[in-house]
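*Asks:* give me a 3D structure for the following:
(one chain, ligands or ions: 2)
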Amino acid sequence: MVTAKVWVLKKHFEGFPQTSDFEMKQEALANLKDGELLLESVFLSVDPYMRPYSKRDMKEGDVMIGTQVARIVESKNPAFAVGAFVVANRGWRTHFISDGKDLNLLPASWPESLPKSLALGTVGMPGLTAYFGLFEVCKMKPGETVLVNAAAGAVGSVVGQLAKIGGCKVVGCAGSDSKVAYLKKIGFDEAFNYKTVTCLDETLRKASPDGYDCFFDNVGGEFASIAINHMKKYGRIAVCGAISQYNDTVPQKGPYIQFPMIFNELSMKGFIVTSWYNRREEGVKALLKWVLEGKLKYHEQVTERFENMPAAFIGMLKGENLGKAIIKV
Ligand SMILES: NC(=O)C1=CN([C@@H]2O[C@H](COP(=O)(O)OP(=O)(O)OC[C@H]3O[C@@H](n4cnc5c(N)ncnc54)[C@H](OP(=O)(O)O)[C@@H]3O)[C@@H](O)[C@H]2O)C=CC1
Ligand SMILES: CCCCCC(=O)/C=C/[C@H]1[C@H](O)CC(=O)[C@@H]1CCCCCCC(=O)O
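*Replies:* Numbering: from 1, shown residues only. Ligands and ions are numbered 1, 2, ... in the order given. As a prediction, this is how the structure comes out:
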């Protein structure tokens with residue numbers, strides 16, 4: 001019999017999550033029935049959505065939501081071979097049993113040279129968010145200027161590089177000078193540290209005096225309220241995330257967006273990447289190809305050991321990650 005370690009939400013987060021809000025427990029797994037598989041998590045993902053979705057969907061005592069890359073260690077299902085790797089959505093667990101229906105096998109063509117953890121990042125949900133958000137929601141066209149915030153993270157770093165692949169000028173911001181240096185290294189035309197600029201309005205104007213055609217917003221709040229005034233006529237805003245608001249205990253005021261929306265005839269669309277998953281294969285294929293061609297660079301912030309998941313999650317919310325935050329079990 002296998003015993004799994006799991007992290008549960010001990011206490012709903014109030015403001016910024018604390019390690020004391022989590023509790024590690026053990027779960028005894030039953031013996032496999034026909035049609036079932038036993039899997040072990042190899043890499044787990046910590047993502048910003050876990051903060052707002054925990055409040056909306058979870059109750060205290062539930063296992064934390066989340067995805068993993070897992071290896072099949074035992075199989076009583078002929079469709080799944082022992083040793084194969086899958087992406088699963090089974091929460092913060094070291095081991096679990098599945099009937100196979102909720103698993104996505106890693107493409108058979110997954111190159112040996114690439115870490116399988118990329119299936120949780122650049123070639124997974126965050127990369128697909130950048131791909132569909134930029135090409136379908138922003139409807140980015142060659143020659144345009146794209147603005148992206150949280151640009152050195154899992155989604156933002158892909159957004160910037162896809163904008164360059166698509167023939168655009170890209171401006172990005174992040175919360176440290178070393179992240180800004182990374183953005184320049186991976187091809188951003190302009191990059192700045194939003195925490196140290198004296199005037200965001202002036203910085204955005206200087207980075208693109210003619211304004212922005214596309215704004216890929218990962219942050220919301222005050223940044224978005226200022227950036228909206230820098231959109232060009234018929235500009236498009238993809239509302240992807242609002243991380244600056246996830247830990248608020250008192251809702252922020254504003255923004256009052258009507259004037260720039262009307263004067264510049266802007267389009268603003270919120271989206272959830274899974275709505276595009278009928279085209280998931282297309283997205284994964286394109287992202288994998290660009291990674292293999294060296295056109296799409298990746299960086300992972302790998303935290304060792306399952307025991308450190310809460311710390312990795314809190315660290316990601318604080319901005320300690322460059323690229324995708326991953327836990328290696
Ligand atoms: N709509 C959708 O389908 C999806 C939406 N998302 C959203 O995309 C956004 C980015 O996610 P992801 O790439 O996974 O995460 P990241 O890898 O970018 O990690 C989060 C980053 O957010 C930045 N951040 C934290 N607090 C603030 C703040 N107050 N103001 C500005 N930046 C902040 C930090 O970077 P820094 O050092 O720069 O501050 C941190 O590293 C999130 O808002 C997420 O919810 C993600 C996936 C799917
Ligand atoms: C105001 C909240 C904005 C959150 C934006 C965000 O980060 C959305 C992320 C989703 C992404 O589009 C695809 C996902 O898988 C994320 C949502 C995951 C929900 C988990 C559902 C619970 C479960 O797994 O049991």
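*Asks:* when you work out contacts or count neighbours from here on, use the C-alpha atoms and nothing else.
*Replies:* OK.
*Asks:* would you mind naming what in the chain lies close to ligand 1?
*Replies:* 47-49, 126, 129, 150, 153-156, 174-176, 218-219, 240-244, 271-273, 316-321, 323-324 (Cα under 6 Å from any ligand atom).
*Asks:* pLDDT wise, what is the closest residue to ligand 2 within the stretch 1-150 of the chain at?
*Replies:* When scored by Cα to the nearest ligand atom, the stretch 1-150 of the chain has Y49 as its residue closest to ligand 2, at 3.9 Å. If you check Y49, the pLDDT there is 98.
*Asks:* element containing the most centrally placed residue in the chain, please.
*Replies:* Nearest to the geometric centre of the chain sits P126, at 3.8 Å (Cα atoms, centre = their mean). Applying DSSP states H and E as the criterion places P126 in helix 125-132.
*Asks:* which parts of this structure sit against ligand 2?
*Replies:* Residues of the chain lying near ligand 2 by Cα under 6 Å from any ligand atom: 48-49, 52, 65-66, 89, 241, 272-274.
*Asks:* export the residues you listed as CSV, with columns for neighbour count and secondary structure.
*Replies:* As requested, those are exported to CSV (neighbours: other Cα atoms under 10 Å; DSSP: H, G, I helix; E, B strand; the rest coil):
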residue, neighbour count, secondary structure
P48, 15, coil
Y49, 14, coil
P52, 16, helix
I65, 23, coil
G66, 17, coil
N89, 15, coil
G241, 19, coil
I272, 13, coil
V273, 18, helix
T274, 13, helix
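*Asks:* which two in the residues you listed are spaced the farthest apart?
*Replies:* Across these, the longest distance by Cα to Cα is 20.3 Å; it joins N89 and G241.
*Asks:* got the contact list for the helix or strand encompassing D201?
*Replies:* D201 is part of helix 200-207, with elements assigned from DSSP H and E. Residues outside helix 200-207 that contact it (Cα atoms under 8 Å, 6 or more residues apart in numbering) are 171, 190, 194, 197, 211, 223, 226-227, 230.
*Asks:* can you map out the helices along the stretch 201-329 of the chain?
*Replies:* Secondary structure of the stretch 201-329 of the chain by DSSP state H, counting those that start in this stretch: the helices cover 221-227, 258-263, 280-292, 309-318.
*Asks:* check which helices and strands the longest one sits against.
*Replies:* Okay, so that is helix 280-292. Where contact means 3 or more Cα pairs under 8 Å, 6 or more residues apart in numbering; DSSP states H and E, helix 280-292 is packed against helix 125-132.
*Asks:* having no further points to raise, I will conclude here.
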